[in-house]
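Undergrad: Got a predicted structure here, sequence first:
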Amino acid sequence: MEQRRVYLDNSATTVVDSEVIKEMQPYFSDIYGNASSFHYFGRQAKTALDNARKKTAKLLNSSSEEIFFTGCGTESDNIAIFGILNAYGEKGHVITSRIEHHAVLYSCKHLEVNGYEVTYLDVDEDGVVSVEDFKKAVKDNTLLVTIMHANNEVGSIQPIEKIASELKKINGKRKKKIYFHTDAVQTAGKLYLDVKKLGIDLLAISAHKFNGPKGIGALYIKNGTNILPIAFGGHHENGLRPGTENIPYISGLAKALEISNAKIEEYNKRVFALREKLKEGILNAIPDVTINGSGSRAVSNILNVSFNYIEGEALLLMLDMKGVAVSTGSACAAGSSGPSHVLSAMGVNPVASQGAIRFSLGYHNTEEDVDYVLEVLPKVISSLRSMSPVRNQKTFENKE
Ligand code: PLP
């Protein structure tokens, strides 16, 4: 019998929507011109590019000139951070959080190596930064703030609007503006992204997180922002991001954002119900588990759970053998697993952090998927725990 497969790793990536594939198809075969060419084929591609930019801009409540297509979310973050700082032409201070994706975190580490000062804001037990901490962190030489919209491991939503409004007041009293970038890779398609309402200057998204293709991202940059390119070549994307535009993927990104925005409420209702069912099922059937982060301050699709006395990696492998795809809560750096920097920042102890698993649901998941997980998970956990030296040690200690 074929193995049943349940995909619960939608924060890592999502299936490409069939309508998105349909949208992209003609640009591989019929409309294949280079958007920079002046002839008919080029003009056709340029029209598609313009339309995708217009559509993306409208969905983010920006204007077309403020949208720049990039190769992925990571590249959008890098252009935002290094592009802004290069334009300043002086070293200074940057504020970020301790729970950023590595696209931002490692960029900030690189800045430190190169003479910048970086403040990494703490988070509370739900993985949320404090606006007061942010205000206290601002210095005379602060140049940039980069704080993610929602975290990719626990889903915690950051108070971006509030930080932006405080920053506006701070900027009102300064000669040099402090720019505000947000990595919205985990919120695009899940929350309505209105760049004006958010009050940020830059915002990064990535299509493969909202049922679009991999390898295509976008960066919103508010008009008037002083930014320089970080790679050099052609004049594409208004001179900011050189390289022939990937028309099929760009069209796919715009279509995927359009589709996901159109069903955002339905998505959240559906995915939230599935997550709650999974959470309740786990809490009812399995002892010694902790939910990391609070669902009420997080995106609807992520459930991060610590299963005490086991290794997350072992659980991931056992679940994979049963056909269930999840991700460990711990971030693997250079192939070696250590406790997740996000869970550590939230105060989760290293042992609980080692046994953390991220379940991330998507639009295509069903109640049957959750039922299947709840059928196999308790058995897998009890079999792993029966082999766990930590658990056995604990039992021994308890007897003393
Ligand atoms: N930022 C966040 C919050 C993410 O979750 C991810 C992907 O996991 C990225 C950035 C990087 O996006 P991409 O895979 O498109 O480079």
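TA: Received the coordinates, thanks. Residues are numbered from 1 along each chain as shown.
Undergrad: Around the ligand, which positions in the protein sit nearby?
TA: 72-74, 101, 103, 148, 152, 183, 185-186, 206, 217 (CB under 6 Å from any ligand atom). All C-beta spots, glycine's among them, are computed from the backbone N, C-alpha and C.
Undergrad: which one of those residues sits closest to residue 124?
TA: Compare each of those with residue 124 using CB to CB and the shortest gap goes to residue 148, at 15.1 Å.
Undergrad: I'd say the closest one and residue 103 touch.
TA: No. Judged on CB atoms under 8 Å, residue 148 makes no contact with residue 103 at a distance of 9.4 Å.
Undergrad: Of those two, which one has the most company?
TA: Set side by side, residue 148 and residue 103 show unequal neighbour counts under other CB atoms under 10 Å, the larger going to residue 148 at 28 against 22.
Undergrad: Show the backbone phi and psi for the spatially closest residue to that one that is not a sequence neighbour.
TA: Excluding the flanking residues, the one nearest residue 148 by CB to CB, 6 or more residues apart in numbering is residue 183, at 4.2 Å. Here is the backbone geometry of residue 183 (degrees, to the nearest 10): phi -90, psi 100.
Undergrad: so what sits against both of residue 148 and residue 103?
TA: Each of 183, 185 lies in contact with both residue 148 and residue 103 under the rule CB atoms under 8 Å, 6 or more residues apart in numbering.
Undergrad: Point out where the protein drops to low pLDDT.
TA: In the prediction, the chain carries residues with pLDDT under 70 at positions 329-337, 389-400.
Undergrad: Tell me how it divides into domains.
TA: 6-15+264-399, 18-262 (automatic domain parsing).
Undergrad: end to end, how far does the last one reach?
TA: Going back to what we said before, that points to domain 18-262. End-to-end distance of domain 18-262: 15 Å, with CA to CA, to the nearest Å as the criterion.
Undergrad: for stretch 309-327, same thing?
TA: Using CA to CA, the distance between the terminal residues of stretch 309-327 is 18 Å.
Undergrad: buried sites along that stretch?
TA: When burial is assessed from 16 or more other CB atoms under 10 Å, stretch 309-327 yields the following buried residues: 309-312, 314-316, 318-319, 322, 324-327.
Undergrad: Name the nearest of those relative to the ligand.
TA: Distance to the ligand, by CB to the nearest ligand atom, is smallest for residue 327 among those, at 9.9 Å.
Undergrad: how deep is the residue lying closest to that closest one once chain neighbours are set aside tucked in, by neighbour count?
TA: By the measure of CB to CB, 6+ apart, the closest residue to residue 327 outside its immediate chain neighbours is residue 358, 4.6 Å from it. A count of neighbours around residue 358, defined by other CB under 10 Å, yields 26.
Undergrad: Which one of the residues in the stretch 201-350 of the chain is closest to the ligand?
TA: When you check the stretch 201-350 of the chain against the ligand by CB to the nearest ligand atom, the closest residue turns out to be residue 206, at 3.3 Å.
Undergrad: Might one say that that residue is in contact with residue 69?
TA: No. Here residue 206 does not reach residue 69: they are 11.2 Å apart, not a contact under CB under 8 Å.
Undergrad: circling back to that earlier point, please convert the residues of the chain next to the ligand to JSON lines, extending it with distance to residue 35.
TA: Formatted as JSON lines, the entries for the residues of the chain next to the ligand read as follows, by distance: CB to CB, whole Å:
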{"residue": "72", "distance to residue 35": "19"}
{"residue": "73", "distance to residue 35": "22"}
{"residue": "74", "distance to residue 35": "23"}
{"residue": "101", "distance to residue 35": "30"}
{"residue": "103", "distance to residue 35": "26"}
{"residue": "148", "distance to residue 35": "31"}
{"residue": "152", "distance to residue 35": "32"}
{"residue": "183", "distance to residue 35": "27"}
{"residue": "185", "distance to residue 35": "25"}
{"residue": "186", "distance to residue 35": "29"}
{"residue": "206", "distance to residue 35": "21"}
{"residue": "217", "distance to residue 35": "17"}
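Undergrad: between the residues you listed, which is closest to residue 225?
TA: Of those, the one sitting nearest to residue 225 (CB to CB) turns out to be residue 183, at 16.4 Å.
Undergrad: Show the contacting residues for the closest one.
TA: So, once contact is read as CB under 8 Å, 6+ apart, residue 183 ends up touching 73, 76-77, 100-101, 103-104, 146, 148-149, 204.
Undergrad: Check which helix or strand residue 96 maps to.
TA: strand 93-97 (DSSP states H and E).
Undergrad: What helices and strands are in contact with that strand?
TA: Contacting strand 93-97 under the criterion 3 or more CB pairs under 8 Å, 6 or more residues apart in numbering; DSSP states H and E are the following elements: helix 102-113, strand 117-121, strand 142-146.
Undergrad: any idea which of those is most buried?
TA: Among these, the stretch with the highest mean neighbour count (mean count of other CB atoms under 10 Å) is strand 142-146, at a mean of 24.
Undergrad: just the angle between it and strand 93-97, please?
TA: With axes from the mean of the first three to the mean of the last three CA atoms, to 10 degrees applied, the angle from strand 142-146 to strand 93-97 works out at 20 degrees.
Undergrad: helices or strands next to strand 142-146 in the packing?
TA: Here strand 142-146 touches helix 73-88, strand 93-97, strand 179-183, going by 3+ CB pairs under 8 Å, 6+ apart.
Undergrad: That strand pairs with which strands, and in what direction?
TA: According to DSSP bridges, strand 142-146 forms sheet pairs with strand 93-97 (parallel), strand 179-183 (parallel).
Undergrad: ok now stretch 148-168, how far from the chain's centre?
TA: Taking CA atoms, centre = their mean, to the nearest Å, one finds stretch 148-168 lying 12 Å from the centre of the chain it belongs to.
Undergrad: let me redo that: stretch 133-145
TA: Remark: stretch 133-145 is offset 23 Å from the chain centroid, using CA atoms, centre = their mean.
Undergrad: Spatially, what comes nearest to the residue of the chain found nearest the ligand if we skip its sequence neighbours?
TA: Distances from the chain to the ligand, computed as CB to the nearest ligand atom, single out residue 73 as the nearest residue at 2.7 Å. In space, residue 73 comes closest to residue 206 once its chain neighbours are excluded; the distance is 3.2 Å by CB to CB, 6+ apart.
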